[in-house]
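1. okay, predicted coordinates and the sequence, questions at the end:
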Amino acid sequence: MREATISAQRVKAATIVITLVGVILSAWARLVPFRPDISPTLIVGMLMPLGMVALFMERALEVLLTPWRRQAVDHYECQLKSAHAAGAPTEDLAQKLTSHRAETRELAFLTGLALGTIVSAAGVRSLQPLIDIQQFTGLSLLQRNALTGIDVVMTASLLAGGSDGLHKMVSIFTTYFDRTKERVKEA
């Protein structure tokens, strides 16, 4: 319980520091020049490849983590079945299985974030396709580097979140733009 409180305090402190840095940076930063031709097709066209990369990453993580972590799950499940059949208490085993699965999720997230960072640093980006490249080069070097770093972190986070989240984003955009198009036709 104490660890959770310390962790929550660290997250709050990091959030405050990051917000303050953002406010300070905004004092000198120019607005990001977005492309004037942003359309539903462009957004969906940008998110679909990210979804495919996320699918590949999910599969790679599964291949990496399953052999390493699955044996313990099988062991705990077998012990649970035996204990249940014998009428023995199973709370301790269930807790161990739950803890193991939580650790596996944490490992999968951290590994996914690391892999997503590498993939994004190599050039797969989520914000870059939305920015007008010619105007982008007119920004200061510090701002261009900051935007690139933010893009890498955001893309890594999106990819670490998995393909389901990206699929939901694509669905939201297509639904919104389809409804908007229908309303314009009706008007």
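-> It's in. Residues are numbered from 1 along each chain as shown.

2. make it CA atoms for all contacts and neighbour counts henceforth
-> OK.

3. residues near residue 156, how many?
-> Counted by other C-alpha atoms under 10 Å, the residues lying close to residue 156 total 25.

4. wait, a helix at it?
-> Yes. The assignment for residue 156 by DSSP: H, G, I helix; E, B strand; the rest coil puts it in a helix.

5. which strands and helices lie in contact with the lowest-mean-pLDDT helix or strand in the chain?
-> Counting by mean pLDDT, DSSP states H and E, the chain has its least confident helix or strand at helix 163-186, which shows a mean of 76. Counting contacts by 3 or more C-alpha pairs under 8 Å, 6 or more residues apart in numbering; DSSP states H and E, helix 163-186 packs against helix 40-86.

6. where does this structure dip in pLDDT?
-> 1-2, 4, 167 (pLDDT under 70).

7. let's see that with 80 instead.
-> 1-6, 25-29, 40, 88-90, 163-178, 180-181, 187 (pLDDT under 80).

8. please identify the buried residues of the least confident helix or strand of the chain?
-> 163, 166, 167, 169, 170, 173, 174 (16 or more other C-alpha atoms under 10 Å).

9. chain center to that helix: distance?
-> Its chain's average C-alpha position is 21 Å from that of helix 163-186, according to C-alpha atoms, centre = their mean, to the nearest Å.

10. name the residues that touch it?
-> With C-alpha atoms under 8 Å, 6 or more residues apart in numbering as the test, helix 163-186 has contacts from 40, 43-44, 47-48, 50-55, 58, 158.

11. looking at the residues you listed, which has the most residues close by?
-> residue 54 (24 neighbours).

12. show me what contacts that residue?
-> 159, 160, 162, 163.

13. and the residues you listed, which two are furthest apart?
-> Largest separation among the contacts of residue 54 by C-alpha to C-alpha: 160 and 163, giving 8.6 Å.

14. residues contacting the residue located most distally from the centre of the chain?
-> The C-alpha centroid of the chain is most remote from residue 86, which lies 43.3 Å away (C-alpha atoms, centre = their mean). Contact analysis of residue 86 by C-alpha under 8 Å, 6+ apart lists nothing.

15. redo that, cut-off 10 Å
-> For residue 86, the contacting residues are residue 80, by C-alpha atoms under 10 Å, 6 or more residues apart in numbering.
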